[in-house]
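Visitor: task: produce atomic coordinates for the following.
(one chain, ligands or ions: 1)
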Amino acid sequence: MPELSRRISHFTESVIRRMTRISNHFGAINLSQGFPDFDPPEELKEALIDCAKNGPHQYAMTWGARNFRNALAEKQKKFMGIDINPDENIVVTCGSTEAMMAVMLTICNAGDKIIVFSPFYENYGADTILSGAEPVFVPLHPPDFNFDRDELRRAFEQKPKAIILCNPSNPTGKVFTREELLYIASLAEEFDAFVVTDEVYEHIVYDGNEHIYFASLPGMKERTISCSSLSKTYSITGWRLGYVIAEPYIIDGVRKVHDFLTVGAAAPLQEAAVSGLLLPDSYYNSLKESYTRKRDIFLSALDKAELKYTRPQGAYYVMVDISEFKAASDVEFSEWMTEHVGVAPVPGSSFFRENINHLIRFHFAKKEETLLAAGEKLLLLREKIPMRK
Ligand SMILES: Cc1ncc(COP(=O)(O)O)c(C=O)c1O
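Guide: Here you go, the predicted model:
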C-alpha cells in the first residue's frame, strides 16, 4: 500500500486522550483530560433549544456569524482593553485548537522557528510540525515554572517567527507576571517576532493573580495574535467555538486558511453562544469563585494524601511531584494509579521536552462531589502502592 505522509510520523497520538480511554476502561475518576463534568449556564442551554427550533441551521459566514462577532468584540474589548473591529479583527474557529493551527499555517514557512515554553500543551508540538516549523524549546523550570531570561534571549537570537505563550498556563497553572510579559515583549520587539497567545483560561485565575492580555501591553497589539475560546469560560468544550483576534492583514490570512480547513464553526452553536458572551461581569466573578473552591477542595485532598504539588495560580490543573515513589516512570505510575487507586492523571513527561518524569498532572474542573470522591481515593494511595522508595 502507498506510504502515509512523513509529517504524521513526527508526533504520536494524544497522551491525554489515551489516559481518558484507560480511565474509562477501569471506571476511574478521570482527572486527566481537562473538561467539566457539569453543565454550562442555563442561558446557553435555553438559547440552544431556541436555535434548534428556529435556526440558523445552514452555514454561517465563514469567518464567523455577525451576531457572534459583534458580541465577542464587545466582550473582549472590555476585558482586553483594546479596540476590536468585529469585521476586521476576528476569525471565529472550531475551538482554540483550530485557531492555533490556522494561525501557524498562516504565519509559518517551512523551517521557520517557533519558541515554545516547555512544559507545553501538547497541541503546540503537532501545530509546529504540521505547519512545517521547528520548535525551539525554552524550559519553565519546576517547581515554580519560571523561565531563565538568558535562555529565552538565546532562543530569540535564533530569529524565530513567533513565540507561543499559553497564559494562564496548562499544564503548570502559572500566570505570567507583568514583568515577565514585558520582558517577552521587549524580545519580541527587538527580534521582530509575533506573539501567538493561547488564553483559553483567561477568566480562571486565583489568589489575586491577574491575567494580563499580551495584546494590551504597550506596542504589542500589532504583533500579538490572540487565540482563545469559549470552551473553558462557559463550560462548553463540546461546542467547539474559538477565535483569533489580530491585525486585519493577519486576519485576512487566517480567514483563507480557516475557510479551507473547516468552512466555519457550527452556525446554531455560534448563535446560541451569543447568550454567553452577553452575560454580565458577575458571571466571570462567580466562575472565578467556583473554580477557587474546586481548587481548594482538591489541594486540600492532596495535602491529606501528603502529596507535594505546585500551587496553581490560574487554569485548572495541578502538577504533583511523585519523586518519592519508586515508579519506573511517570507513565507507569499514572497507569497504575488509574487502575488501582481509581483516579486518572496525565504523566507529566508528555508535556516536557526535557527528560523530566517525576511529575503528574491532575485537572480539577469537576463537580465538588467528584473532587471529594477523588480525594477519598487518593487517601488510599500509600496503602496500595508497591512503588515505595
Ligand atoms: C491550553 C489549551 N489550549 C487549548 C485547548 C483546547 O481548547 P478548545 O476546546 O478551544 O479547542 C485546551 C484544552 O484543554 C488547553 O488546555
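Visitor: for the ligand, what is the nearest residue in the stretch 151-300 of the chain?
Guide: As assessed by C-beta to the nearest ligand atom, the ligand sits closest to residue 229 within the stretch 151-300 of the chain, at 3.0 Å. Every C-beta, even on glycine, is put in place using the N, C-alpha and C of the backbone.
Visitor: any idea what the closest residue to that residue other than its chain neighbours is bridged to?
Guide: Nearest non-adjacent residue to residue 229, counting by C-beta to C-beta, 6 or more residues apart in numbering: residue 242, 3.4 Å away. Beta-bridge partners recorded for residue 242 (DSSP bridges): residue 93, residue 229.
Visitor: quick one: residue 242 from residue 273, how far?
Guide: Using C-beta to C-beta, to the nearest Å, we find residue 242 at a distance of 11 Å from residue 273.
Visitor: quick check: neighbours shared by the two?
Guide: residue 230 (C-beta atoms under 8 Å, 6 or more residues apart in numbering).
Visitor: for the two, work out which one has more neighbours and name it.
Guide: residue 273 (29 against 24; other C-beta atoms under 10 Å).
Visitor: check which helix or strand that one maps to.
Guide: helix 267-277 (DSSP states H and E).
Visitor: could I get the average pLDDT for that helix?
Guide: Mean pLDDT, taken over the full extent of helix 267-277, equals 98.
Visitor: just the CA atoms of that helix, as PDB, please.
Guide: Provided in PDB are the C-alpha atoms of helix 267-277 (Å, rounded to 0.1, in the frame of the first residue of the first chain):
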ATOM      1  CA  ALA A 267     -23.900  28.100  13.000                       C
ATOM      2  CA  PRO A 268     -26.500  27.200  15.600                       C
ATOM      3  CA  LEU A 269     -23.900  27.000  18.300                       C
ATOM      4  CA  GLN A 270     -22.400  30.400  17.400                       C
ATOM      5  CA  GLU A 271     -25.900  31.900  17.600                       C
ATOM      6  CA  ALA A 272     -26.700  30.200  21.000                       C
ATOM      7  CA  ALA A 273     -23.300  31.200  22.400                       C
ATOM      8  CA  VAL A 274     -24.100  34.900  22.000                       C
ATOM      9  CA  SER A 275     -26.200  34.500  25.200                       C
ATOM     10  CA  GLY A 276     -22.900  33.600  27.000                       C
ATOM     11  CA  LEU A 277     -21.000  36.500  25.500                       C
END
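Visitor: list the contacts for the residue nearest to residue 229?
Guide: Contacts of residue 242 (C-beta under 8 Å, 6+ apart): 92-99, 200, 227-231, 265.
Visitor: let's see it at 10 Å
Guide: 91-100, 102, 198, 200, 227-231, 265 (C-beta atoms under 10 Å, 6 or more residues apart in numbering).
Visitor: state the number of residues packed around the closest residue to residue 172 other than its chain neighbours.
Guide: Nearest in space to residue 172, with sequence neighbours left out and distances taken as C-beta to C-beta, 6+ apart, is residue 145 at 4.1 Å. Residues contacting residue 145 under the criterion other C-beta under 10 Å number 19.
Visitor: tell me the pLDDT of residue 145.
Guide: On the pLDDT scale, residue 145 gets 97.
Visitor: distance-wise, check it relative to the ligand.
Guide: 14 Å (C-beta to the nearest ligand atom, to the nearest Å).
Visitor: what sits against the nearest residue to residue 271 once chain neighbours are set aside?
Guide: In space, not counting the residues next to it along the chain, residue 271 is nearest to residue 51; the distance is 5.0 Å by C-beta to C-beta, 6+ apart. When contacts are counted by C-beta under 10 Å, 6+ apart, residue 51 touches 57, 266, 267, 268, 269, 270, 271, 272, 273, 274, 275.
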